[in-house]
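Engineer: Need a 3D model of the sequence below.
(chains A and B)
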There are 2 protein chains.
Amino acid sequence: MEYQISDKLKNMKPSAIREIFKSLTDPRIIAFAAGNPAAESFPADTLARLSSEIFEKEAVKALQYGITEGYPPLRALLEERLASRFGVKKEGNTLLVVTGGQQGIELTCKVMCNEGDVVIAENPSFIGALNAFRSNGARVVGVPLEEDGMNIEALEAAVRANPRAKLLYTIPTFHNPAGISTSFAKRKQIYEVAKKHGLVILEDNPYGELRFSGEEIPTIKSLDTDGLVVYCGSFSKVLSAGMRIGFLSAPDEVAAKIVVAKQVEDVHTNQFFQMLCAAYLQNCDIDAHIAGIRALYKRKSALMLKTLDENMPSVVRYTRPEGGLFLWCTLPDGIALDGFVQSALERFVAVVPGTAFNCDESAPSQSFRLTYATPTDEQIVTGVKILSEIVKEKNGGNR
Amino acid sequence: MEYQISDKLKNMKPSAIREIFKSLTDPRIIAFAAGNPAAESFPADTLARLSSEIFEKEAVKALQYGITEGYPPLRALLEERLASRFGVKKEGNTLLVVTGGQQGIELTCKVMCNEGDVVIAENPSFIGALNAFRSNGARVVGVPLEEDGMNIEALEAAVRANPRAKLLYTIPTFHNPAGISTSFAKRKQIYEVAKKHGLVILEDNPYGELRFSGEEIPTIKSLDTDGLVVYCGSFSKVLSAGMRIGFLSAPDEVAAKIVVAKQVEDVHTNQFFQMLCAAYLQNCDIDAHIAGIRALYKRKSALMLKTLDENMPSVVRYTRPEGGLFLWCTLPDGIALDGFVQSALERFVAVVPGTAFNCDESAPSQSFRLTYATPTDEQIVTGVKILSEIVKEKNGGNR
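Structural biologist: Numbers count the residues shown, from 1 in each chain, chains lettered A, B, ... in the order given. Next comes the predicted model:
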């Protein structure tokens, strides 16, 4: 049979990252490409204990259908935490549990965008979000990212040039892939641009808990006095990525439509793990647990940076992250990205080429993404040295 | 702010069933309206034991990101089971794990339909599917359901009248809400119509394991020699509804696009529960467990039918299901459905009005859906007697 695939899916390909992820099963590979959090981030023993308690005391409730909005005690606990930790106001907003932050992004686009509408995003940006927009038939327009966030003039220009712009997608804190954070000044400017042009801001904050140096910056959602901002967060980097529990806070009217859209996607998020998250928040010290994750990433990122500083030719630029999982490296113009990534893979080091994160899929890139979260210390040192060697070879041996 | 909600979500309302479901927290209510399986369907003790074992032996794998297609051992086990139990061929088809059968339905529509395309469905049909189609901007065209399945002439006419028809949605076994099964003869005819007109069939089979009388009927997917059929199933009615683990088998090319669409909806389905399902299939006798569920529903449906036979005026018609969870009742023209449902709720009996299941949301209905799965025996007797009383009152005391 000749299948007539829908226009929005016809030309979409599996995410480059997930394809690389599938190839990472080769044990010889040093996986700088993964987006996985460190295994140490998952408080497995505590989750095992709480899990037994749920089976003992509330098994049927945990295994039966729940409501689309989410498990009420978890919603209440998250509302408290988002208010106290991230300045997310309760009044006027509804907190929903979603199946990973990814679902929050996808649902927001589905609710706000018709096919052909435009989503403005940082360039580069998170591939899972870009593909979520594309899968809804939206067109993504990229705004160049600087060291302190989007170029505001370019943002203004993009909004003016695209009257069908509906949504402004941003990862202001520990950006994936670029590793940078948007300054407080730029967060306020982004909010003002959105307000002026009637855009909804989708603030994606999966790494917000993972700061290991520098000062906290208020979320854009904390500035939201006009009901412009949908805020997405996740437990993936602090409790478990595989359980797929995320959450969002959206203006009530938008949230009501997100509930309808979620209902037909998966009815509700895994009930058992929602109860497990609630039990964890209620009975355990999540901040102490997160402090441990931060210390781990601080040490690992420092090791990666030190190894880069000592070995990588200075023609390669790289970010010095204050949190999150990623480091973003940029090759000099003389070295072709494709060949570099290929050479690295041949020597069993996997990185993600920057092209995967481009808003315009056909645009070139000189950058690649590294993670320090999952490789061992030894792998970090060995892998960075291999990457440095390849640069030296391709750069004619010059530093 | 004045939100510009997307056209496809703008006029959608929360599912009537889920709204009723939320109101069922009142303990005085006899809940004939729910779509929940019986608590006894969940092998909680076994799941608790297997769950501890996963935490002991493979905690990190269970809590870390998995791949979009699903946990490989579970996929292999399901492929075997679908082949042996339901005649689903492995060659040419890909088995995927999805976040409940609901996600399988929604993804299939997203992949096959542009906005404005038509999905042909039985009328009445499962509201979660109808809303999934609507949320993708598809238009639903209903085909009248008879006691042995769709009216085939009406199906032919609907396809001819709708050149943008892409998908044919059917629940051939223990239909929700109508309780009937499509005969083998009609399954073959439906397949031929789809083949002739180049439609993809979406065969939804969440209740296929729950036959308690009569003869098994081969699935439409077992007839699929042309790669026309996407088959959706679920563990919701046999292991746990709250865990949200479903599965589908689709022709390889369609499945490849479903993977892309799923990746951006939730990355993958809850990894821990996928491993739990695999452990259950591998270590436990699921058929023995299902035999227990069938016996339970056989007894409960018989009690409901007996109470109806003894109390309900004969002006009310009702189906005699051979499996599944539901019984479908039709009032005589003289009794208005809305008033009946309202009167029942005032006497603390909740039923779902048939209007909720209409393909055309504004069409009238004289029918309502009852479940025997979750009410206690006493509630079944009391509730049916109350419904019978209301019919007698509204029917002027005549049988």
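Engineer: how deep is the residue in the stretch 101-250 of chain A positioned nearest to chain B tucked in, by neighbour count?
Structural biologist: The nearest approach of the stretch 101-250 of chain A to chain B comes at residue A:242, 3.3 Å away (Cβ to the nearest Cβ). The C-beta positions use only the backbone N, C-alpha and C, and glycine is treated the same way. Residues lying near residue A:242 (other Cβ atoms under 10 Å in any protein chain shown) number 27.
Engineer: any chance you could map the helices in the stretch 101-250 of chain A?
Structural biologist: For the stretch 101-250 of chain A, the helices defined by DSSP state H, counting those that start in this stretch occupy A:127-135, A:152-161, A:184-197.
Engineer: Go through those and pick out the most buried.
Structural biologist: helix A:127-135 (a mean of 25; mean count of other Cβ atoms under 10 Å in any protein chain shown).
Engineer: Which strands or helices does it pack on?
Structural biologist: helix A:7-10, helix A:16-23, helix A:100-112, strand A:118-123, strand A:139-146, strand A:165-170, helix B:252-266 (3 or more Cβ pairs under 8 Å, 6 or more residues apart in numbering or on different chains; DSSP states H and E).
Engineer: got the ones you listed as TSV, with mean neighbour count columns?
Structural biologist: What follows is those, written out as TSV (neighbours: other Cβ atoms under 10 Å in any protein chain shown):
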stretch	mean neighbour count
helix A:7-10	16
helix A:16-23	17
helix A:100-112	29
strand A:118-123	26
strand A:139-146	20
strand A:165-170	25
helix B:252-266	23
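Engineer: Export the ones you listed to JSON lines and append columns for distance to residue A:356 and mean pLDDT.
Structural biologist: Output for the helices and strands packed on helix A:127-135, formatted as JSON lines (distance: least, Cβ to Cβ, whole Å; pLDDT from 0 to 100):
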{"stretch": "helix A:7-10", "distance to residue A:356": "19", "mean pLDDT": "90"}
{"stretch": "helix A:16-23", "distance to residue A:356": "4", "mean pLDDT": "62"}
{"stretch": "helix A:100-112", "distance to residue A:356": "16", "mean pLDDT": "97"}
{"stretch": "strand A:118-123", "distance to residue A:356": "12", "mean pLDDT": "98"}
{"stretch": "strand A:139-146", "distance to residue A:356": "13", "mean pLDDT": "97"}
{"stretch": "strand A:165-170", "distance to residue A:356": "16", "mean pLDDT": "98"}
{"stretch": "helix B:252-266", "distance to residue A:356": "13", "mean pLDDT": "96"}
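Engineer: Kindly reformat these as a markdown table and extend each row with distance to residue A:219.
Structural biologist: Converted to a markdown table, the helices and strands packed on helix A:127-135 look like this (distance: least, Cβ to Cβ, whole Å):
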| stretch | distance to residue A:219 |
| --- | --- |
| helix A:7-10 | 31 |
| helix A:16-23 | 25 |
| helix A:100-112 | 14 |
| strand A:118-123 | 16 |
| strand A:139-146 | 18 |
| strand A:165-170 | 11 |
| helix B:252-266 | 24 |
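Engineer: Tell me how many other residues crowd residue A:222.
Structural biologist: Neighbours of residue A:222 (other Cβ under 10 Å): 18.
Engineer: Can you read off the pLDDT for the nearest residue to it once chain neighbours are set aside?
Structural biologist: Distances taken as Cβ to Cβ, 6 or more residues apart in numbering or on different chains place residue A:87 nearest to residue A:222, at 2.8 Å, with adjacent residues excluded. At residue A:87 the predicted local confidence, pLDDT, stands at 97.
Engineer: Is it possible to get TSV of the helices of the stretch 101-250 of chain A that adds mean pLDDT?
Structural biologist: As requested, the helices of the stretch 101-250 of chain A are arranged in TSV below (pLDDT from 0 to 100):
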stretch	mean pLDDT
helix A:127-135	95
helix A:152-161	98
helix A:184-197	98
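Engineer: Let's have those helices in JSON lines, adding distance to residue B:330.
Structural biologist: Below are these laid out as JSON lines (distance: least, Cβ to Cβ, whole Å):
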{"stretch": "helix A:127-135", "distance to residue B:330": "41"}
{"stretch": "helix A:152-161", "distance to residue B:330": "55"}
{"stretch": "helix A:184-197", "distance to residue B:330": "52"}
